[in-house]
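Participant: Output the structure for:
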Amino acid sequence: MVIALEKDWIWDSWYAHDGARWHGYFLKAPKAIGDPEQRHFNVSQGHAVSDDLVTWEHLGTCLAPSEAPAWDDYTTWTGSVVQDDAGLWHLFYTGSTRAEEGLYQRIGHATSADMHSWERVGDGLCLDLTGSVAEQYEADHARGFWHDRAMRDPWVMRDPDGDGWLMFFTGRARGVAEPNAGGAIGLATSPDLHSWTLQPPVFTGGFGQLEVPQVFAAGGRWYCLFCTAAEHFSKALAEATPGGPVTGTHYLIGEGPRGPWRIAPGRFLDGKLPCRRYASRILDTGEGLVIMGFADHPDGGHFVGHVMDPEPVVIGDDGLLRVIPADKAAE
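Facilitator: Down below sits the predicted model:
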């Protein structure tokens, strides 16, 4: 195990490099609650630093839900961290409120000079599914059709085609008849990391949800990593997937960050039943790509809840990604 705590479960994680060290951020919940399925609603964000992505120094909690009443007084879930041109660090995260039973997700914004002590910008809320473009999303909770109003897991990056910023997030498209075909990668744009404009989804289909998106370029191609569960494959994709549906991490291939995107063909990148690793990220170490995610139910038993050792990722001549298991990488 790489990022682990004796008294807390750890799951989704995201990373930033300050020029000298890696900073790992992660969701955590106390094991004292007993049931790991309740971790999502007993959550805070932790922070650790590392020189090599293997040995980590834990720095403690860096963000927790706001005092009620607030839009994020129930949960502060998965996000991403970027640095602006002035050197200030920005955290974008998912929030929900007890007043809505955590069923509506929105995107929050906080800043820090030291990458640990985060202060919300205003009340923190920076993006919701509102305005005319929101009609292209499942902007209201479709009770009985899907389990939540999805708008979470923001991934923020510089716009390679302009001076501003792009935010990708987990969403759902409106008006799709099959629940498991309505998952979407949402998009918002900003000139300054403060003012955000909702844009139409850049991808829809294949799954009921595409969680924890990460958009990046490598080897002259664009990729959008995401994770999903076997029960969220669309009927058509389940039938077309070699070996059948699994739970874990897969990806889209695109011509640019705005797409058009397509689901990578062939075998699922990093999936099993029961799930071995979930909510993975691909990081560029300068010496190659590695994948990192949390141990879910790797042995088919209890939930494990720590971030696993990084494993190498290679890009084939066909542009497809492949994970090299740790035991094979050592050969």
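
Participant: any weak-confidence spans in the stretch 201-331 of the chain?
Facilitator: 328-331 (pLDDT under 70).

Participant: Pull up the gap between the residue nearest to residue 151 when sequence neighbours are not counted and residue 96, please.
Facilitator: Nearest-residue entry for residue 151: residue 105, 4.6 Å, with adjacent residues in sequence omitted and distances by Cβ to Cβ, 6 or more residues apart in numbering. All C-beta atoms are positioned from the backbone trio N, CA, C, and that covers glycine. According to Cβ to Cβ, to the nearest Å, residue 105 and residue 96 sit 5 Å apart.

Participant: Tell me the helix or strand right after the lengthiest helix in the chain.
Facilitator: If you go by DSSP state H, the chain has its longest helix at helix 235-240. Moving toward the C-terminus from helix 235-240, the next helix or strand (DSSP states H and E) is strand 247-254.

Participant: In its sheet, which strands sit next to that next one, and in what direction?
Facilitator: strand 221-228 (antiparallel), strand 261-263 (antiparallel), strand 270-272 (antiparallel) (DSSP bridges).

Participant: between the ones you listed, which gets nearest to residue 46?
Facilitator: strand 221-228 (19.6 Å; Cβ to Cβ).

Participant: what bits of the stretch 51-200 of the chain have low per-residue confidence?
Facilitator: In the stretch 51-200 of the chain (pLDDT under 70), no residue qualifies.

Participant: now do 90
Facilitator: For the stretch 51-200 of the chain, applying pLDDT under 90 flags the ranges 162.

Participant: Which residue ranges of it form strands?
Facilitator: Per DSSP state E, counting those that start in this stretch, the stretch 51-200 of the chain carries strands over the ranges 56-63, 75-83, 89-96, 106-112, 119-127, 152-158, 165-172, 183-190, 197-204.

Participant: what helix or strand is the residue nearest the centre of the chain on?
Facilitator: For the chain, the residue sitting closest to the mean C-alpha position, by Cα atoms, centre = their mean, is residue 212 at 2.0 Å. Secondary structure assignment for residue 212, by DSSP H and E: strand 211-218.

Participant: tell me how far that strand is from the chain's mean position?
Facilitator: Remark: strand 211-218 is offset 8 Å from the chain centroid, using Cα atoms, centre = their mean, to the nearest Å.

Participant: So for that strand, what gets flagged as buried?
Facilitator: 211-216 (16 or more other Cβ atoms under 10 Å).
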